[in-house]
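Asks: Here is a sequence together with a model predicted from it:
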Amino acid sequence: MDIFIAVIKIILALIWFLVLTLYLTWLERKESAVIQDRIGANRANIWKFRFLGLFQPFADAVKMIFKEDFVPASANKFLHTLAPFLSFFFVAITICAVPFGDALRIGERTINLQVLDLNAGLLFMLAMLSLAIYGIILSGWASGNRFTLLGGIRGAAQLISYEVALGLSLIGVIMVFPSLSLQSIVRFQGENLLGFIPKWGVLLQPLGFIVFFFAALAETKRVPFDMPEGESEIIGFFTEYGGLKWGLFMMTDFMEIIIVSALLTTLFFGGWQVPWLAADGFHWPWGGGWGLQHGVVVLLQLLAFNIKIIFFCWLQILIRWTYPRFRYDQVMDLGWKVLIPLSLLNIAGTGIVIGLLK
Amino acid sequence: MIKALGDFLEIIKGGLITIRHFVTNMWFHTLKVLGLKTRRRGAVTIQYPEEKKDLAARHRSLHRLTRREDGKPRCVSCLLCVTVCPSECISVEAAEDPDSEIQKVPAKFVIDMSRCCFCGFCVEACPEDAIRMDTGKIEFAEYRRADMIYDLDRLLK
């Protein structure tokens, strides 16, 4: 029975992840269009039924599936094929540590709304996101093309340097919420500061949030930080890919956006916590409350988690369509000379404040 | 340090510009979905095949040959249009007309639209006002080159 529940959780989490990824491509098209006073892709239809172009992701998928699976003559065939799967796998597997909601009770049974409650879930997610670099380096090298190799090298340099800032910025969070398990980090954020302000990570770690946000943006390797891709100069590490393999790289990009949003939500914006909502209903800070059924509470939490994630996906797409891209040396400067000192400052500051409060 | 903070503020200001565009455009899109008419629209796009932009009055579109009151073509086969045409896409073959006032009529008048560059010189050169480019037809793409060749009957339509 436990295995059965685990399998169902895995399937549901993957479906959630893939559907959100598909519709993130739709959101990207539509949001960029709205920002630029356009309408965006709205022609894909099923029997003349368009509905805001919501079938566009499926049309894209069909197109990519039926394209030729091409491997250049100079490429290393095995590694060239392996690379997109590697980078897809390491991002897709991170979903198992994301806490979707609090425990759900059905009769006697308690189901944790998280595929796997790892006691080092945060480290696991960071590790898997770092391993995704191998897909980029491999694809750059195995394509047998100088431009892809340049893209791969840039990707490696950028992601490794931003990995440092990413990790250091989270140490403050781990100091404030003394746990590495994502579920318990979210539980810690259910308390209130001074009795009425939700104790979300962003209020306790504003500097850590800013550093993490920038480093995470660089991790998704999209436009302000699109060194590995570099549409306008080198075409990037996936130049020699087409069809479904290229599609896997693109899906990896969008999945990284979702994972980054999930991390931001979980660590800094209370995860599935709704302000003042406890297990038995709302407890208003001005007294009184509003009792709710267990099922309703779980639904509200799931809804809150999804809304927060979609907001951060929206914000990242907005950033991608607003800012021009950095030059390579500017990216390195920002990473090593600004973000890493700031994150170290954040660690020192957090330590001092915690020490004084004790 | 101060400069860095100023730069950071500028970055946020830049972000607010796109947010403003997003919010106002979404507002007008939402009003449209709700069926309310607004003076401004959410997007400047004209959705082409369904919705067409009005052509200017002097827009040079597909050619036509004009007729006299009795229905015969006004063209007198003077070959001025053939001479002036820079893409050499007009060919006219003359024939005799019994009416001594007219004397010449076109036996054949062929325009190869696949070569025409729509400069409008033929219209300007014509002394009889026999050829005009005011049909307003701009969509006459064909699958075969032969279909792009317009003869007298098609031009007189």
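Replies: Perfect, thanks for sending it. Residues are numbered from 1 along each chain as shown, chains lettered A, B, ... in the order given.
Asks: taking the mean pLDDT, what do you get for the longest strand that chain B contains?
Replies: The longest strand of chain B (DSSP state E) is strand B:104-112. Averaged across strand B:104-112, the pLDDT comes to 91.
Asks: List the neighbours of the helix or strand following it that are in contact with it.
Replies: Next along the chain after strand B:104-112, taking DSSP states H and E as the criterion, comes helix B:121-125. Helix B:121-125 is contacted by residues B:60, B:63, B:80-81, B:83-86, B:90, B:131-133 when judged by CB atoms under 8 Å, 6 or more residues apart in numbering or on different chains. In this view, the C-beta of every residue, glycine as well, is placed from N, C-alpha and C.
Asks: Which ones among those lie within helices?
Replies: B:80-81, B:83-84 (DSSP state H).
Asks: Quick check, A:Ile10 in contact with A:Ala92.
Replies: No: look at A:Ile10 against A:Ala92 with CB atoms under 8 Å: they stay out of range, at 11.1 Å.
Asks: How about the longest helix along chain A, which residues are buried there?
Replies: Longest helix of chain A, by residue count under DSSP H: helix A:2-35. Neighbour-count burial for helix A:2-35, counted by 16 or more other CB atoms under 10 Å in any protein chain shown, picks out A:9, A:13, A:16-17, A:20-35.
Asks: Return the members of the contacts of helix B:121-125 classed as buried.
Replies: So, by 16+ other CB under 10 Å, the buried ones in those are B:60, B:63, B:80-81, B:85, B:90, B:131-133.
Asks: hey, where'd the strands end up in the stretch 51-200 of chain A?
Replies: Taking DSSP state E, counting those that start in this stretch to define them, one finds strands in the stretch 51-200 of chain A at A:104-106, A:109-111, A:192-193, A:197-198.
Asks: Give me the pLDDT value at A:Val199.
Replies: I think there's a mix-up here, since residue A:199 is Lys and not Val. Reported pLDDT for A:Lys199: 84.
Asks: Could you do B:Asp70 as well?
Replies: Listed pLDDT for B:Asp70 reads 87.
Asks: who's in contact with it?
Replies: Not one residue lies near B:Asp70 by CB under 8 Å, 6+ apart.
Asks: next one: A:Leu122
Replies: A:97, A:170, A:174, A:180-182, A:185, A:267.
Asks: From chain B, how far out is A:Gly230?
Replies: As judged by CB to the nearest CB, to the nearest Å, A:Gly230 and chain B stand 21 Å apart.
Asks: That residue belongs to a helix?
Replies: No: A:Gly230 is assigned coil when assessed by DSSP: H, G, I helix; E, B strand; the rest coil, not a helix.
Asks: which regions of the stretch 1-150 of chain A sit below the pLDDT cut-off?
Replies: Counting by pLDDT under 70, the stretch 1-150 of chain A contains no low-confidence range.
Asks: What ranges does it have for its helices?
Replies: A:2-35, A:56-65, A:77-92, A:121-142, A:146-176 (DSSP state H, counting those that start in this stretch).
Asks: Let's have those in CSV, adding distance to A:Phe305.
Replies: Below are the helices of the stretch 1-150 of chain A laid out as CSV (distance: least, CB to CB, whole Å):
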stretch, distance to A:Phe305
helix A:2-35, 11
helix A:56-65, 22
helix A:77-92, 19
helix A:121-142, 15
helix A:146-176, 18
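Asks: Next, the buried residues of the lengthiest helix in chain B.
Replies: Longest helix of chain B, by residue count under DSSP H: helix B:2-33. Buried residues in helix B:2-33, counting neighbours by 16+ other CB under 10 Å, are found at B:18, B:21-22, B:25, B:28-29.
Asks: Present the strands of the stretch 51-200 of chain A as a markdown table; the columns should include distance to B:Phe109 and mean neighbour count.
Replies: Listed next are the strands of the stretch 51-200 of chain A as a markdown table, based on distance: least, CB to CB, whole Å; neighbours: other CB atoms under 10 Å in any protein chain shown:
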| stretch | distance to B:Phe109 | mean neighbour count |
| --- | --- | --- |
| strand A:104-106 | 81 | 14 |
| strand A:109-111 | 82 | 12 |
| strand A:192-193 | 87 | 12 |
| strand A:197-198 | 82 | 15 |
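Asks: Compare the ones you listed and give me the one nearest A:Ile352.
Replies: Closest approach to A:Ile352 among the strands of the stretch 51-200 of chain A (CB to CB): strand A:192-193, 18.8 Å.
Asks: hmm, who's touching that closest one?
Replies: Under the criterion CB under 8 Å, 6+ apart, residues A:198-199, A:203, A:276, A:285 lie in contact with strand A:192-193.
Asks: Can you flag the buried ones in these?
Replies: A:198-199, A:276.
Asks: Show me which of these is closest to A:Leu356.
Replies: The shortest gap between A:Leu356 and any of those belongs to A:Lys199, at 18.2 Å (CB to CB).
Asks: Alongside chain A, which residues does chain B contribute?
Replies: The interface of chain B toward chain A, taken as CB under 8 Å from any CB of the partner chain, is made up of B:4, B:11, B:14-15, B:17-19, B:21-22, B:25-26, B:29, B:42-45, B:47.
Asks: Mind doing that once more with 6 Å?
Replies: By CB under 6 Å from any CB of the partner chain, the residues of chain B that approach chain A are B:15, B:18, B:21-22, B:25-26, B:43-45.
Asks: any idea how far chain A is from the residue in chain B sticking out farthest from the centre?
Replies: Outermost residue of chain B with respect to the C-alpha centroid, by CA atoms, centre = their mean, is B:Met1; its distance is 58.0 Å. Distance, B:Met1 to chain A, by CB to the nearest CB: 11 Å.
Asks: Could I get the full set of helices for the stretch 251-358 of chain A?
Replies: A:294-320, A:328-333, A:340-357.
Asks: could you redo these as JSON lines and give each row mean pLDDT?
Replies: Listed next are these as JSON lines, based on pLDDT from 0 to 100:
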{"stretch": "helix A:294-320", "mean pLDDT": "91"}
{"stretch": "helix A:328-333", "mean pLDDT": "86"}
{"stretch": "helix A:340-357", "mean pLDDT": "92"}
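Asks: Please identify the deepest-packed of the ones you listed.
Replies: Burial of the helices of the stretch 251-358 of chain A is given as mean neighbour count (mean count of other CB atoms under 10 Å in any protein chain shown); helix A:294-320 ranks first at a mean of 18.
Asks: Provide a list of residues in contact with the residue nearest to B:Phe28 when sequence neighbours are not counted.
Replies: Sequence neighbours aside, B:Gly42 is the residue nearest to B:Phe28 in space, at 3.9 Å (criterion: CB to CB, 6 or more residues apart in numbering or on different chains). For B:Gly42, the contacting residues are B:25, B:28-29, by CB atoms under 6 Å, 6 or more residues apart in numbering or on different chains.
Asks: Dump those residues into CSV; add pLDDT as well.
Replies: Shown next, in CSV, are the contacts of B:Gly42 (pLDDT from 0 to 100):
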residue, pLDDT
B:Asn25, 90
B:Phe28, 89
B:His29, 87
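Asks: follow-up on the earlier one: make a markdown table from the ones in helices among the contacts of helix B:121-125 and add pLDDT to it.
Replies: What follows is the ones in helices among the contacts of helix B:121-125, written out as a markdown table (pLDDT from 0 to 100):
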| residue | pLDDT |
| --- | --- |
| B:Leu80 | 93 |
| B:Cys81 | 92 |
| B:Thr83 | 94 |
| B:Val84 | 95 |
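Asks: Now the two most distant members of these.
Replies: For these, the farthest-apart pair by CB to CB is B:Cys81 and B:Thr83; their separation is 7.3 Å.
Asks: what about whichever residue of the stretch 201-350 of chain A sits closest to chain B, neighbour count?
Replies: Taking CB to the nearest CB, chain B has its nearest neighbour within the stretch 201-350 of chain A at A:Thr322, 4.4 Å off. Residues within reach of A:Thr322, counting by other CB atoms under 10 Å in any protein chain shown, total 20.
Asks: Nothing else from me, thank you.
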